[in-house]
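> below: sequence and its predicted model.
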Amino acid sequence: MDLARTEVTGRAARAGNAARLGLMAVPVAFFACFFAYPVAAIVARGLEADGGWRFGRLWDVLAQPDIRHVLWFTTWQALASTALTLLVALPAAYVFARLEFPGKQVLRAVVTVPFVLPTVVVGTAFLALVGRGGLLDDLWGARLDTTVWAILLAHVFFNYAVVVRTVGGLWSQLDPRQEEAARMLGASRLTAWRTVTLPALGPAVAAAALMVFLFTFTSFGVVQILGGPTFSTLEVEIYRQTSEIFDLSTAAVLTIVQFMAVGAILAVHARTVRRRETALRLVDASVTARRPRGAGQWALLAGVLGTIALLLVLPLAVLAQRSLDAPDFAYYRALTSDDGNIFLVPPIDAIGNSLQYAVTATAIAVAVGGLAAAALTRRDAGRLVRGFDALLMLPLGVSAVTVGFGFLIALDEPPLDLRGTWILVPLAQALVGVPFVVRIMLPVLRAVDQRLREAAAVLGASPWRVWREVDLPMVWRALLVAAGFAFAVSLGEFGATVFIARPDNPTLPVAVARLLGRAGELNYGQAMALSTILMVVCVVALLVLERLRTDRTGEL
């Protein structure tokens, strides 16, 4: 009997391994065609000369003092931004996961809106707050523009939702009775949280920190607007070398440096998280949230609400106010006209284009990312699978400028002649969405007790049925959160889209950036109006997501 059971278990394990490798086929093909190939093409063109390769160019570029300064500042500000974001956002993750209060769904959507705004809009909003003639200057005569503090605050504004939703999503499903049991055994509230809850949250915190670091490491619009000529990140320098100086070889070297640095970070992250992951007891999120109890929880809730109001809502309010500066909604009415603008269509058409692209990109990202997360579920997978886990995050750390130019150079010949088709934009947007789908779903998938899958396999269930009957009911909430993030990222993607969006089909971020780049009060007002519309679209979409998630999970 035991021998037969062992044989069945062995067959199930082999079937599971084969299924996992099969699941990896689609993500591997997707990243090979639409990430590795375009990036390799642009880097090769930058380093190729006279039929050979100029590898000595690597040392020539890195020996320049200004380039070393860029590398140092890029790393330093990314670390500082990540630490500050975790410090400010982790209390909010607890509030959204464990406390129930009126307006929670609306506030969760509002928290996510800054993340989907183009970085150029984020920089402009903070410039209106802390720059010359801004709110801070008017009230106290102080300015923070062209200082590192303006950059750090804007990065916290942009990445706040990453920590709140990634960590809070898992926190809300952790069984609070485990922490309560530790307290009954004599542990203090802090000791119980530190020894029980924090280790369980470790993978989610690490995933959130990684995403924040990668976004700030490749920061472009925020640093370009708020940093002035004093501060420059690798992304800003790559853009400057490519579009202003036309030094493609220096840009290629910087892309390689960025690629290697991000690869090393992802390898360390994968190794650390794998050591800390354990099977968790997950419960329905509806049973973990309750009304605040005691002065401490009420004070924490008040502090989080105050932080959201000052750090997130105030910049958004500035954008909305600027869009209404002209009487009779003149800036909004100008969006419907194609007279004298830089597009072949009225700017208002960018709204429909963005929604169409975002929906398509979300479907691609969820399909590719879901398959990748399912393939990476088991922690005892081989090195090939674990290496692929790290490679999935590379689109967040490689220059979007490089990816955009790579699309133009590489995807213009059969069988990948896509440069003249509309699908090129969703493909570029999905590249950034896939890592979010994987990072949000993977901690929850790996937290599912492996014995449940093994029991289903022993009873004769196929790998597909095991996924459908065991995994899917427990990760459905995470899947919805991942889809929401992929949609939000697609709406706000700018770095690669600006190079491949056609003038007759601009996206909202591209339209905003091009309007901001032109002189004139009308252009600036239209940019603020489009930014406000983008905010409203995002709030509505995220509220629909919250309602859908509530109907399926019972969360209030």
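Arrived safely, thanks for sending. Numbers count the residues shown, from 1 in each chain.

> could you pull up the mean pLDDT of stretch 33-47?
Computed over stretch 33-47, the mean pLDDT rounds to 81.

> tell me the buried residues in it?
Using 16 or more other C-beta atoms under 10 Å as the test for burial, stretch 33-47 gives 33-35, 38-39, 41-43, 45-47. In this view, the C-beta of every residue, glycine as well, is placed from N, C-alpha and C.

> next structured bit after the one helix or strand Leu214 maps to?
For Leu214, the enclosing helix or strand under DSSP states H and E is helix 198-217. Per DSSP H and E, helix 198-217 leads on to helix 221-226 as the next helix or strand towards the C-terminus.

> what mean pLDDT does that following helix have?
80.

> so which elements touch it?
If contacts are counted by 3 or more C-beta pairs under 8 Å, 6 or more residues apart in numbering; DSSP states H and E, helix 221-226 sits against helix 119-130, helix 148-171, helix 234-239.

> hang on, the earlier thing: what are the buried residues along the helix holding Leu214?
Residues 200-217 are the ones in helix 198-217 that count as buried (16+ other C-beta under 10 Å).

> extract the C-alpha set from that helix and format it as CSV.
Listed next in CSV are the C-alpha coordinates belonging to helix 198-217 (Å, rounded to 0.1, in the frame of the first residue of the first chain):
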residue,chain,number,x,y,z
LEU,A,198,6.7,40.2,10.8
PRO,A,199,8.3,36.9,9.7
ALA,A,200,5.1,36.0,7.8
LEU,A,201,5.1,39.4,6.1
GLY,A,202,8.8,39.2,5.2
PRO,A,203,8.4,38.0,1.6
ALA,A,204,5.7,40.7,0.9
VAL,A,205,7.8,43.4,2.5
ALA,A,206,10.8,42.3,0.5
ALA,A,207,8.8,42.2,-2.7
ALA,A,208,7.5,45.7,-2.1
ALA,A,209,10.9,47.1,-1.2
LEU,A,210,12.3,45.6,-4.4
MET,A,211,9.7,47.2,-6.6
VAL,A,212,10.1,50.6,-4.9
PHE,A,213,13.9,50.4,-5.3
LEU,A,214,13.7,49.5,-8.9
PHE,A,215,11.3,52.3,-9.7
THR,A,216,13.4,54.8,-7.9
PHE,A,217,16.7,53.4,-9.3
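
> that helix: how far from the chain's middle?
Centroid displacement of helix 198-217 relative to its chain, using C-alpha atoms, centre = their mean, to the nearest Å, is 11 Å.

> any weak-confidence spans in the stretch 151-300 of the chain?
175, 228, 268-289 (pLDDT under 70).

> tell me the centre residue of the chain?
Central residue of the chain (C-alpha atoms, centre = their mean): Phe436, 5.7 Å from the mean position.

> ok, so what distance separates it from Ser490?
Note on Phe436: its distance to Ser490, by C-beta to C-beta, to the nearest Å, is 10 Å.

> any residues in contact with both of these two?
Ala365 (C-beta atoms under 8 Å, 6 or more residues apart in numbering).

> can you verify Val345 is assigned to a strand?
No. Under DSSP: H, G, I helix; E, B strand; the rest coil, Val345 sits outside any strand and is assigned coil.

> once you drop chain neighbours, what's closest to it?
In this structure, Val345 finds its nearest non-sequential neighbour in Asp504, 5.5 Å apart by C-beta to C-beta, 6 or more residues apart in numbering.

> and if you look at Val156?
For Val156, ignoring the flanking residues on the chain, the nearest one in space by C-beta to C-beta, 6+ apart is Thr85 at 4.9 Å.

> which SSE is the one you found in?
helix 65-98.

> in that helix, what's buried?
The neighbour-count check on helix 65-98 (16+ other C-beta under 10 Å) flags 67, 70-71, 73-74, 77-78, 80-82, 84-86, 88-98 as buried.

> distance from the chain centre to the very next helix or strand once past that helix, please.
Downstream of helix 65-98, the first helix or strand assigned by DSSP H and E is helix 104-116. Averaging C-alpha positions (C-alpha atoms, centre = their mean) puts helix 104-116 14 Å from its chain's average.

> what is helix 104-116 packed up against?
With contacts taken as 3+ C-beta pairs under 8 Å, 6+ apart, helix 104-116 sits against helix 65-98, helix 148-171, helix 314-323, helix 472-492, helix 521-553.

> relative to Ala125, which of these is closest?
Closest approach to Ala125 among the helices and strands packed on helix 104-116 (C-beta to C-beta): helix 314-323, 4.0 Å.

> so where's the stretch 401-550 of the chain uncertain?
Counting by pLDDT under 70, the ranges of the stretch 401-550 of the chain that qualify are 448-454, 458-459, 461-464, 467-474, 541-550.

> how does it look with 50?
In the predicted model, the stretch 401-550 of the chain carries pLDDT under 50 at residues 550.

> now the helices for the stretch 251-400 of the chain?
All helices of the stretch 251-400 of the chain, identified by DSSP state H, counting those that start in this stretch, fall at 294-307, 314-323, 330-334, 349-375, 383-391, 394-397, 400-410.

> and the last one, what does it pack against?
Right, the one you point to is helix 400-410. Under the contact definition 3+ C-beta pairs under 8 Å, 6+ apart, helix 400-410 sits against helix 37-47, helix 234-239, helix 248-276, helix 424-447, helix 497-500.

> burial of Thr497, as a residue count?
Thr497 has 29 neighbouring residues, counting by other C-beta atoms under 10 Å.

> I figured it hits Thr507, correct?
Yes. Assessed by C-beta atoms under 8 Å, Thr497 is found in contact with Thr507 at 5.6 Å.
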